[in-house]
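Take this sequence and fold it.
(one chain, ligands or ions: 1)
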Amino acid sequence: MQSILVVGGAGYIGSHMLSHLQNAGYQPIVLDNLSTGHRDAVINAELIVGDMGDAALLDQLFQQHRFSAVMHFAGCIEVQESVTHPLKYYKNNVAATMTLLEKMQQYDVNHLIFSSTAAVYGEPQTALITEKHPLNPVNPYGRSKLMVEQIIKDMSEQGILKYAILRYFNAAGADKKKGMKERHQPETHLIPLILQVAQGIRENITIFGADYPTIDGTCVRDYIHVTDLCEAHLHALIWLLTKKQNVVCNLGVGRGYSVLEVLKVAREITAHSIPMVVSEKRPGDPASLVADPLLAYETWGWKASADLEMMVRDAWEASRELIKNEV
Ligand code: UDP
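Predicted coordinates for the structure are as follows:
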């Protein structure tokens with residue numbers, strides 16, 4: 001059985017990935033410092049608690065296991081926080097990743113699947129963003145991910161590794177069958193925050209800006225179900241291990257929803273009025289980010305299948321399960 005090192009495998013997307021790997025016959029081994037991840041999200045897999053920037057720990061890990069590939073999900077992901085705490089982003093997302101890359105090179109582990117982001121594009125120049133769109137990130141989060149993309153490409157140029165760089169749009173939803181859910185502390189993401197209002201945890205949802213040049217003035221994002229994301233990762237892994245070809249690929253649905261549209265869907269699903277207040281724009285937020293998802297389809301014959309309603313419904317059911325379990 002091939003072992004895959006899943007860095008950040010106790011986090012939202014990484015932990016969802018574990019069962020997809022297992023079902024496909026791979027053995028995931030998780031490295032996570034639990035700064036934002038959850039121990040109980042790692043199901044049926046070995047968890048090593050530690051930091052990807054800890055060279056001595058990585059020495060041990062790479063000596064103990066022969067990994068076929070590394071899937072790198074670990075990182076700080078909040079746009080606003082990256083604006084106020086840029087060093088945290090460059091340190092965790094760039095510097096710590098460099099240690100991981102250094103150890104991959106040292107131990108000759110030469111397949112990498114890297115979680116990048118649509119934030120590397122910055123303000124879109126076209127309605128749908130292809131992978132060829134100029135890269136002008138407008139916040140430190142996007143810049144930190146772009147820096148790592150460039151480092152990975154430079155290493156690959158020297159024959160050190162092959163990569164799949166996956167640029168996520170907005171991951172949402174949960175695998176409710178497996179009891180999985182999105183749990184950020186503190187929560188900053190739109191759909192979980194909206195659902196917290198419906199659960200009575202918050203009084204209202206704050207809309208960050210209502211005068212963007214979009215259909216209703218609120219920001220437009222391309223939401224993609226986390227299980228669709230995981231499926232795409234599996235395609236990327238198999239592709240990398242068999243074809244040994246680099247790929248940089250968007251992971252999105254190709255359809256954008258405004259914040260108000262998401263709110264409308266959530267009101268219908270939860271049967272809650274979900275009050276809102278409009279506030280200032282959040283620094284670093286592009287008006288619209290919508291993927292052109294064609295390359296993923298052309299490369300792997302894959303496209304996302306879940307719609308926004310399913311994402312909100314799954315997230316809603318998963319969050320209610322969570323509350324039930326915590327009471
Ligand atoms: N958003 C909002 N209120 C919130 C959280 C988010 O209006 O309390 C908006 C945010 O400005 C962005 C969209 O919802 O346009 C998605 O934000 P999220 O933080 O979920 O993901 P991001 O796009 O930043 O990765």
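
how about the residues of the stretch 101-250 of the chain that lie near the ligand?
Proximity of the stretch 101-250 of the chain to the ligand is confined to 170, 188, 189, 190, 193, 205, 206, 207, 208, 219, 221 under the rule C-beta under 6 Å from any ligand atom. Glycine gets a C-beta too; all of them are placed from N, C-alpha and C.

Per-residue pLDDT of the fourth one, please?
Turning to residue 190, the model gives it a pLDDT of 96.

Near residue 291, how many other residues are there?
Neighbouring residues of residue 291 were enumerated by other C-beta atoms under 10 Å; the total is 29.

Hmm, residue 229 and it touching each other?
No - contact status for residue 291 versus residue 229: not in contact, 11.8 Å apart, counting by C-beta atoms under 8 Å.

if I look at the two, which residues touch both of them?
When contacts are counted by C-beta atoms under 8 Å, 6 or more residues apart in numbering, residue 291 and residue 229 have residue 251 as shared neighbours.

for the residue of the chain found nearest the ligand, phi and psi?
Closest to the ligand within the chain is residue 219: 2.9 Å, counting by C-beta to the nearest ligand atom. In terms of degrees, to the nearest 10, the main-chain angles of residue 219 are phi -60, psi 140.

and the gap between residue 112 and residue 275?
With distances defined as C-beta to C-beta, to the nearest Å, the gap from residue 112 to residue 275 amounts to 44 Å.

Among those two, which residue is more densely surrounded?
Neighbours per residue (other C-beta under 10 Å) separate residue 112 from residue 275, with residue 112 holding more: 25 against 10.

Is that one part of a helix or strand, or is it coil?
Secondary structure state of residue 112, per DSSP: H, G, I helix; E, B strand; the rest coil, is strand.

unless I'm mixing things up, it is touching residue 162, no?
Yes - contact status for residue 112 versus residue 162: in contact at 7.4 Å, counting by C-beta under 8 Å.

Can you give me every residue that contacts the residue nearest to residue 105 when sequence neighbours are not counted?
Beyond its immediate neighbours in the sequence, the residue positioned closest to residue 105 (C-beta to C-beta, 6 or more residues apart in numbering) is residue 160, lying 5.2 Å away. Shown here is residue 160, whose contacts under the criterion C-beta under 8 Å, 6+ apart are 104, 105, 110.

What values do phi and psi take at residue 160?
The phi and psi values for residue 160, taken as degrees, to the nearest 10, are phi -80, psi -40.

With the one 4 residues further on instead?
Residue 164 has phi and psi values of phi -120, psi 110 when expressed as degrees, to the nearest 10.
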